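1. what follows is a predicted protein model with its sequence.
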Amino acid sequence: MERFLKTAPIVSSTLLGEGSTGAGKASLSDAGLTHDAQVQCVDVYKPVWKGAEGTVEKNFRDSWKFNVAAYRVGRLIGIKNIPMSVERNVDGKLCSVTWWVDNIWMDEAKRREKNIKPPASDGWVNQLNAVRVFDQMIYNTDRNQGNLLITPEWKLWMIDHTRGFRLTRALMTVEPLRRIDAQLLQALRNLKAADIKREAGPWLRAEEISSVLFRRDLIVRFFESEIRAKGDEATITGLPRKTPSINVP
């Protein structure tokens with residue numbers, strides 16, 4: 001998939017009408033395989049940026065590089081809900097080229113608009129919890145219901161991370177953090193600067209990596225505090241089920 005995204009000829013492309021980052025949809029074809037990809041070439045830096053709703057942000061960045069970094073950092077900690085994204089030169093510009101997720105049923109915005117209920121299962125809730133943890137760790141300021149995609153099997157995909165990886169040494173808020181998978185929590189504990197540099201160094205600056213790790217520490221400390229206050233089973237998912245002991249007469 002990575003080689004295909006990097007080298008397959010682009011046979012057609014269109015500009016997507018939604019979003020604010022100038023994303024396009026391209027059709028790639030090579031050796032009998034044809035597949036679509038999202039192309040984003042935005043790479044903007046502003047010392048001070050003012051949003052339409054009056055928000056002000058210093059050191060604002062909106063960059064295709066963060067799509068590639070998000071995929072690779074997510075893979076480091078076992079999050080598999082981010083489609084593969086690679087760096088590629090498209091029409092003389094460096095861009096992210098991201099695998100177009102197949103068989104999308106709807107996005108989260110349409111699900112809520114139509115009041116379609118998700119399955120009452122741990123799987124759906126666990127995916128939402130992983131999104132919340134990941135967005136806090138990379139400080140993704142542009143997560144919205146339109147860039148959470150849902151397949152008919154209720155798999156949730158996170159797309160569009162061009163406004164992540166802020167330098168802020170704080171979490172946006174702890175309110176969305178509810179529960180965390182045991183393997184994800186351990187992966188966060190084990191994550192090191194050298195790991196991120198190895199996997200995503202070409203697309204992240206040193207200060208962006210250190211900010212990710214600072215927020216990782218805050219997330220781990222938050223959940224460890226929750227464990228102390230509420231216990232493992234109220235805080236952590238994916239724990240082995242305990243078999244109740246019985247007395248055999």
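-> Looks like it arrived, so ask away. Since the structure is predicted, the reported quantities are computational estimates derived from the model, not experimental observations.
2. where does the chain have low pLDDT?
-> 16-22, 241-249 (pLDDT under 70).
3. strands of that one, start to end?
-> 10-15, 24-30, 33-40, 43-50, 56-63, 85-90, 93-99, 106-107, 148-150, 156-158, 180-181, 236-237 (DSSP state E).
4. and those as JSON lines, adding distance to residue 227 and mean neighbour count?
-> Where you see a C-beta, it was placed from the backbone N, CA and C, and this is true even at glycine. Shown next, in JSON lines, are those (distance: least, CB to CB, whole Å; neighbours: other CB atoms under 10 Å):
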{"stretch": "strand 10-15", "distance to residue 227": "47", "mean neighbour count": "12"}
{"stretch": "strand 24-30", "distance to residue 227": "44", "mean neighbour count": "17"}
{"stretch": "strand 33-40", "distance to residue 227": "38", "mean neighbour count": "19"}
{"stretch": "strand 43-50", "distance to residue 227": "38", "mean neighbour count": "12"}
{"stretch": "strand 56-63", "distance to residue 227": "33", "mean neighbour count": "16"}
{"stretch": "strand 85-90", "distance to residue 227": "33", "mean neighbour count": "19"}
{"stretch": "strand 93-99", "distance to residue 227": "35", "mean neighbour count": "22"}
{"stretch": "strand 106-107", "distance to residue 227": "33", "mean neighbour count": "18"}
{"stretch": "strand 148-150", "distance to residue 227": "27", "mean neighbour count": "20"}
{"stretch": "strand 156-158", "distance to residue 227": "25", "mean neighbour count": "20"}
{"stretch": "strand 180-181", "distance to residue 227": "10", "mean neighbour count": "22"}
{"stretch": "strand 236-237", "distance to residue 227": "7", "mean neighbour count": "20"}
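5. out of the ones you listed, flag the one nearest residue 213.
-> Smallest distance to residue 213 across the strands of the chain (CB to CB): 17.2 Å, for strand 180-181.
6. can you name every helix or strand that the closest one contacts?
-> If you count contacts as 3 or more CB pairs under 8 Å, 6 or more residues apart in numbering; DSSP states H and E, strand 180-181 packs onto helix 122-138, strand 236-237.
7. how about TSV for the ones you listed, with distance to residue 201 added?
-> What follows is those, written out as TSV (distance: least, CB to CB, whole Å):
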stretch	distance to residue 201
helix 122-138	15
strand 236-237	31
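8. ok, which of those comes nearest residue 147?
-> Among the helices and strands packed on strand 180-181, helix 122-138 sits nearest to residue 147 (CB to CB), with 10.3 Å.
9. next, the buried residues of the closest one.
-> 126-138 (16 or more other CB atoms under 10 Å).
10. repeat for stretch 220-237
-> 220, 222, 223, 226, 227, 235, 236, 237.
11. residue 134 versus residue 82, what's the distance?
-> Distance from residue 82 to residue 134, counting by CB to CB, to the nearest Å: 8 Å.
12. can you give me the neighbour number for residue 65?
-> Using other CB atoms under 10 Å, residue 65 has 25 neighbouring residues.
13. try residue 186
-> Residue 186: 15 neighbours (other CB under 10 Å).
14. what of residue 169?
-> Residue 169, neighbours per other CB under 10 Å, totals 12.
15. report the contact partners of it.
-> By CB atoms under 8 Å, 6 or more residues apart in numbering, the contact list for residue 169 reads 211, 214, 215.
16. how about 6 Å then?
-> residue 214 (CB atoms under 6 Å, 6 or more residues apart in numbering).
17. how close does it get to residue 208?
-> For residue 169, the distance to residue 208 - CB to CB - is 12 Å.
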